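Student: Fold the following and give me the result.
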Amino acid sequence: MFAIDGVKLPSNASKARSGTRADFERQAVKLEAAAKAMLERHRETDQRAIEPGLQAREIQRIARLESDAAQMRQWLAANPEERKGSKGSIRKSNRTDNESAKMATSKGVIQGYTGVAAVDAKHQIIVEAQAHGTGSEQELLLPVVTAMKEVLAPDTLITADAGYHSEANLKELAALEVDALIADNNMRSRDERFAGQDKYKALPDPIHDKGGKTKKAARYQPGDFDYDPQEGTCICPAGKQLYGNGSDCTINGYAAVRFQGALRDCVPCTQRDRCLLKPQKTKVRQVSFFQGKKDGVSYTDMMKRKIDSPEGRLQYGRRFATVEPVFGNLRYNKGLDRFTLRGRKKVDAQWKLFCLVHNIEKLAHHRYAQ
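Tutor: From the prediction side, this is the model:
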């Protein structure tokens, strides 16, 4: 079994120098305007007596503003295109290290790289290590699996947490005939062993947790309706029964069951504002419940059944104890608390070097030479 996971580390780049091309354009305009205003004010006061030290500092300040604006214009000319993500969305560039990325961690937002490692469960040897300038774990799974194809065997099992889960990734793993256990975001909510986990959660940290309390949805969601798939009935939050409006619907490729309220119930209902998006125009509420992929195979549903089985839970439970101690050794014992180089190629080499030292230490402790 090989466990794949990643750790986000800050790099030798300034987070303040991140932004889109539009952000840099606005900053350059502001710097040029500030330099121009200071220069005009300086010319107006040339006729009056000014302290020599104050005049020198003002000239130095103008030169600094002009230099910063020129550097920004030079960077924009050298990088005419926006940096794009894996799905075509705009990813913020960085004028210090444009291959690094701004990413969220449990301790706040950092400018850095994600170091990914594939670790074997028997001896905690790192068989593949890569560093990428992105915080999206989904796009890192397949490059690591592809790179470790030489160590994959017919009985190999790949495990990874929910950050690497996507329908596209699961489909590609199936095409590669790679056996895997990739958790989804709701895996623990389906596991009765974690039924009482909420009482152990720490209170929100007022320093790092800026999100505040979770806002309740303004409108009733499908989960607020009492749907009985066995009886085929649906009761709205107001206690009225909805009528079936389609037992074999297809919505975006997924099979669904649709219900609709009656005019006599919905029109005079006192909860229309919470139930309908436009209560002044819409007469009745409709709600759909999805049943899975209608045509073809849902790899997500297949993975859920596999990971929820007793054997799947037992095998996946080994993942945490396999890969997390390796990161603890690299970060704490080896002192890799940040990347000191710039550019993905150099950062990737630094990450591989630390992983290599970890492997040498493991081999020495297991008396590999003897």
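Student: And stretch 307-317, what's buried?
Tutor: 307, 312, 315-316 (16 or more other CB atoms under 10 Å). C-beta: built from backbone N, CA, C; applies to glycine.
Student: Then stretch 74-85?
Tutor: Quick answer for stretch 74-85 (16+ other CB under 10 Å): 75, 83.
Student: Quick check: end-to-end length of it?
Tutor: Stretch 74-85 has its terminal residues 24 Å apart, counting by CA to CA, to the nearest Å.
Student: Quick one: mean pLDDT over that stretch.
Tutor: The pLDDT scores in stretch 74-85 average 81.
Student: Can you pull out the residues in contact with it?
Tutor: 20-21, 24-25, 28, 90-93, 95, 98, 134, 136 (CB atoms under 8 Å, 6 or more residues apart in numbering).
Student: what about the longest strand along the chain, average pLDDT?
Tutor: Longest strand of the chain, by residue count under DSSP state E: strand 108-120. Strand 108-120 comes out with an average pLDDT of 93.
Student: just stretch 289-307 next, same as before
Tutor: Here the average pLDDT along stretch 289-307 is 81.
Student: Kindly write the ChimeraX command that selects the buried subset of the contacts of stretch 74-85.
Tutor: To isolate in ChimeraX the members of the contacts of stretch 74-85 that are buried, counting by 16+ other CB under 10 Å, one can use:
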select :21,24,28,91,92,93,95,98,134,136
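Student: And the contacts of stretch 74-85, which two are furthest apart?
Tutor: Between any two of these, the greatest separation by CB to CB is 29.2 Å, found for Ala28 and Ser136.
Student: Show me the residue sitting in the middle of this protein in space.
Tutor: Ser136 (4.4 Å; CA atoms, centre = their mean).
Student: any idea how far Phe320 is from that one?
Tutor: 21 Å (CB to CB, to the nearest Å).
Student: which other helices and strands contact the longest strand of the chain?
Tutor: strand 2-10, strand 101-105, strand 126-132, helix 141-147, helix 318-328, helix 344-365 (3 or more CB pairs under 8 Å, 6 or more residues apart in numbering; DSSP states H and E).
Student: Which parts of the shortest one count as buried, going by neighbours?
Tutor: This means strand 101-105. Applying 16+ other CB under 10 Å to strand 101-105 flags 101-103 as buried.
Student: Show me what Leu157 is bridged to.
Tutor: Per DSSP bridges, the residues bridged to Leu157 are Asp179.
Student: on that earlier part again, can you pick out the ones from the contacts of stretch 74-85 that are in helices?
Tutor: Counting by DSSP state H, the part of the contacts of stretch 74-85 found in helices is 21, 24-25, 28.
Student: Tell me how many other residues surround the closest residue to Asp348 other than its chain neighbours.
Tutor: Once flanking residues are discounted, Asp348 sits nearest to Ala131: 4.3 Å by CB to CB, 6 or more residues apart in numbering. Neighbours of Ala131 under the rule other CB atoms under 10 Å: 27.
Student: and stretch 141-152, which residues are buried?
Tutor: 141-142, 144-145, 148, 152.
Student: And for stretch 57-69?
Tutor: 58, 62, 65-66, 68-69.
Student: Make JSON lines out of those and add pLDDT, secondary structure and distance to Glu361.
Tutor: Compiled in JSON lines, the buried residues of stretch 57-69 are given as follows (pLDDT from 0 to 100; DSSP: H, G, I helix; E, B strand; the rest coil; distance: CB to CB, whole Å):
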{"residue": "Glu58", "pLDDT": "77", "secondary structure": "helix", "distance to Glu361": "57"}
{"residue": "Ile62", "pLDDT": "83", "secondary structure": "helix", "distance to Glu361": "55"}
{"residue": "Leu65", "pLDDT": "85", "secondary structure": "helix", "distance to Glu361": "51"}
{"residue": "Glu66", "pLDDT": "85", "secondary structure": "helix", "distance to Glu361": "52"}
{"residue": "Asp68", "pLDDT": "85", "secondary structure": "helix", "distance to Glu361": "46"}
{"residue": "Ala69", "pLDDT": "86", "secondary structure": "helix", "distance to Glu361": "50"}
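Student: which residues does Tyr227 contact?
Tutor: 233-234, 257, 259, 289.
Student: Mind checking the pLDDT average for the strand or helix carrying it?
Tutor: Element membership of Tyr227 [criterion: DSSP states H and E] is strand 226-228. On average, the pLDDT along strand 226-228 is 90.
Student: likewise stretch 265-275?
Tutor: 91.
Student: in the stretch 201-350 of the chain, which spans are strands?
Tutor: Using DSSP state E, counting those that start in this stretch, the strands of the stretch 201-350 of the chain run over residues 226-228, 233-235, 241-251, 254-260, 286-293.
Student: Out of those strands, which is closest to Cys355?
Tutor: Distance to Cys355, taken as CB to CB, is lowest for strand 286-293 among the strands of the stretch 201-350 of the chain, at 38.6 Å.
Student: For the closest one, which strands pair with it and how are they oriented?
Tutor: In the sheet, strand 286-293 lines up with strand 254-260 (antiparallel) (DSSP bridges).
Student: Just the C-alphas of the partner strand, formatted as PDB.
Tutor: C-alpha atoms of strand 254-260 as PDB (Å, rounded to 0.1, in the frame of the first residue of the first chain):
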ATOM      1  CA  TYR A 254     -27.900  12.100 -13.000                       C
ATOM      2  CA  ALA A 255     -31.100  10.200 -12.300                       C
ATOM      3  CA  ALA A 256     -33.500  12.200 -10.100                       C
ATOM      4  CA  VAL A 257     -36.900  12.100  -8.500                       C
ATOM      5  CA  ARG A 258     -38.900  15.400  -8.700                       C
ATOM      6  CA  PHE A 259     -41.700  16.600  -6.500                       C
ATOM      7  CA  GLN A 260     -44.000  19.600  -6.800                       C
END
